[in-house]
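Enquirer: Output the structure for:
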Amino acid sequence: MSEQLTLNDLLESVGRANASCLTSVTELQPAAGPHASVAPAKFAAAGSKVGAYAYETRYEDGKPHDVVLIDSKQSQNNRVEDGLRAAFTDGHEVLQRLPRILVTYPNGGQAVEYSDLDLPHRVFDGHIRAGTIDGTPTTQTEAYRRVRDAHPGNALALLETSPVSLVLGSWDSSRAARQGRWRSILVGEIIGYCERPAAPVLKGGARVDPHGMRIELNGAALKALAERQRDELTAKTFDKAVKEGNSAKADKRVTSSMVGLGGIPPTLEALAGVACRRIVRSHVLSFAALRQIRFSKGADGDAACRALLAALALAGLARSDAELVLRANCDLVEAGPTVLTLHERAGRSRTFAPLSADDADALLAAALDHAEHQAGIAWNGVALRVTGDPAIGAGAVDDDSAAS
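Expert: Sure thing, here's the model as predicted:
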């Protein structure tokens, strides 16, 4: 039976250069069985209306093989954030103490909040920088300046304000000078071993309207329908309906498909799933990267801070691994236990028992208690509250056409 990973293992790994990383590897398979296909991550592709899958070459048993990227490194980190956010929302005793930055926008009499667990650039996100703290622009406050001025030689301000930005990476890319660039100490992906097709393979799609496969309205009726739903339709859909209504002759009826009425005949218009002979989820927690960060707490205190970050990463990873929710038509299950391996120097390694969420939580609680006593670290929940710029709050357009 494999031994359990302990706080002492983390402290030894982040304190001295005797371990490079901890890896977590899990064999997965389609929930419906090996005969089922999966829907990999889809990416925009120049000249393609349907997008594309990302195929790469990886080695297995010393031989090159085609693989498809089922979930990217960025997506896997987002899922770690989702796990931490859910635990925070559920009132987890330790994770509720996680320092965060909150941005608040008014929304119809109610407040909408986003934290560094939601915002894409985490602590350096534009929503944070454009806001105010107690009436002062965020970037002009001493508390936020300390965060932006943090560096590998002293990252204490980040640890006490937005530790997730150290765990999952962040980049102050818009700053004129002294840009903070923090690589993620935790990276992961899911890949599927498959045969790369010579050309994109498409699947069929259709929509059935029980009232009629084609529902036609005159121009005035279509415009009136669009006007009644104006506040609910995207700008692109509304404009298209009005344009069709205006262009219709008095005696001509036009389709109302743009507002979701009528059916769609079966067509090959989307990328088909991919059959994989093997699916692997893997993560790397880099102790070497953690050892490059200091917190002005002395050797033992800095090790305690690094171990705390490592434990936070594992708490998020345990939750992410337990919730295999990727996307539609990509339901996966674990085909075997997760293999947790500590990679030491000179090719040596140690294998540990898989970490459940409860195991990881106990490790995080121990690491936080140790950091409090050894380095004086105090996690007390929200560190900074930012009021969002009202113009930005009112300027959101939730419309695919805006993104394009």
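
Enquirer: what packs against the longest strand seen in the chain?
Expert: When the chain is parsed with DSSP state E, its longest strand is strand 19-30. In this structure, strand 19-30 makes packing contacts with helix 7-15, strand 278-286, helix 287-290, helix 298-322, strand 332-334, strand 339-344, judged by 3 or more Cβ pairs under 8 Å, 6 or more residues apart in numbering; DSSP states H and E. For every residue, glycine as well, the C-beta is placed using N, CA and C.

Enquirer: Could you rerun that using 7 Å?
Expert: strand 278-286, helix 287-290, strand 332-334, strand 339-344 (3 or more Cβ pairs under 7 Å, 6 or more residues apart in numbering; DSSP states H and E).

Enquirer: So which bits of it are buried?
Expert: Neighbour counts using 16 or more other Cβ atoms under 10 Å place 19-24, 26, 28-30 of strand 19-30 among the buried residues.

Enquirer: ok so I392 is a helix residue?
Expert: Yes - counting by DSSP: H, G, I helix; E, B strand; the rest coil, I392 is located in a helix.

Enquirer: Tell me how many other residues crowd the residue lying closest to it once chain neighbours are set aside.
Expert: Of all residues not flanking I392 in the chain, A130 sits nearest, at 5.9 Å (Cβ to Cβ, 6 or more residues apart in numbering). Close neighbours of A130, defined as other Cβ atoms under 10 Å, add up to 16.

Enquirer: again with I191
Expert: 23.

Enquirer: for the one 4 residues further on, same thing?
Expert: E195 is flanked by 13 other residues according to other Cβ under 10 Å.

Enquirer: ditto for A41
Expert: By other Cβ under 10 Å, the burial measure for A41, its neighbour count, is 19.

Enquirer: close enough to count as contact, it and S72?
Expert: Yes - with contact defined as Cβ atoms under 7 Å, A41 reaches S72; the gap is 5.6 Å.

Enquirer: one step back: would you list the helices and strands packed on strand 19-30 in TSV and tack on mean pLDDT and distance to L102?
Expert: Output for these, formatted as TSV (pLDDT from 0 to 100; distance: least, Cβ to Cβ, whole Å):
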stretch	mean pLDDT	distance to L102
strand 278-286	98	27
helix 287-290	97	26
strand 332-334	97	33
strand 339-344	96	34
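
Enquirer: Quick one: closest of these to A375.
Expert: For the helices and strands packed on strand 19-30, the distance to A375 is smallest for helix 287-290, at 14.3 Å, taking Cβ to Cβ.

Enquirer: ok, back up a step: with distance to R277 and pLDDT as added columns, please give the buried residues of strand 19-30 in a markdown table.
Expert: Output for these, formatted as a markdown table (distance: Cβ to Cβ, whole Å; pLDDT from 0 to 100):
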| residue | distance to R277 | pLDDT |
| --- | --- | --- |
| A19 | 33 | 93 |
| S20 | 30 | 95 |
| C21 | 28 | 97 |
| L22 | 28 | 98 |
| T23 | 22 | 98 |
| S24 | 22 | 98 |
| T26 | 16 | 98 |
| L28 | 12 | 98 |
| Q29 | 10 | 97 |
| P30 | 11 | 97 |
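
Enquirer: Show the pLDDT at the residue sitting furthest away from the middle of the chain.
Expert: For the chain, the residue at maximal distance from the C-alpha centroid (Cα atoms, centre = their mean) is D251, at 51.8 Å. At D251, the model reports a pLDDT of 71.

Enquirer: just to revisit the earlier point, make CSV out of the helices and strands packed on strand 19-30 and add distance to Y53.
Expert: Shown next, in CSV, are the helices and strands packed on strand 19-30 (distance: least, Cβ to Cβ, whole Å):
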stretch, distance to Y53
strand 278-286, 14
helix 287-290, 30
strand 332-334, 16
strand 339-344, 27
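
Enquirer: I'd like those as TSV, with distance to H92 and mean neighbour count appended.
Expert: Listed next are those as TSV, based on distance: least, Cβ to Cβ, whole Å; neighbours: other Cβ atoms under 10 Å:
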stretch	distance to H92	mean neighbour count
strand 278-286	21	21
helix 287-290	23	22
strand 332-334	23	16
strand 339-344	22	18
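
Enquirer: Any idea which of these gets closest to M258?
Expert: Here strand 332-334 is closest among the helices and strands packed on strand 19-30 (Cβ to Cβ), at 35.4 Å.

Enquirer: got the contact list for that closest one?
Expert: 26, 28-31, 279, 324, 326 (Cβ atoms under 7 Å, 6 or more residues apart in numbering).

Enquirer: so how far is that strand from its chain's centroid?
Expert: How far strand 332-334 lies from its chain's middle: 19 Å, per Cα atoms, centre = their mean, to the nearest Å.

Enquirer: Around the closest residue to N380 other than its chain neighbours, how many other residues sit close by?
Expert: Once flanking residues are discounted, N380 sits nearest to R97: 6.1 Å by Cβ to Cβ, 6+ apart. Neighbour count for R97, taken as other Cβ under 10 Å: 14.

Enquirer: Mind listing what's buried along stretch 111-128?
Expert: Buried residues in stretch 111-128, counted by 16+ other Cβ under 10 Å: 114-119, 121-125, 127-128.

Enquirer: Low-confidence regions, the chain specifically.
Expert: 1, 204, 206, 250, 268, 398-404 (pLDDT under 70).
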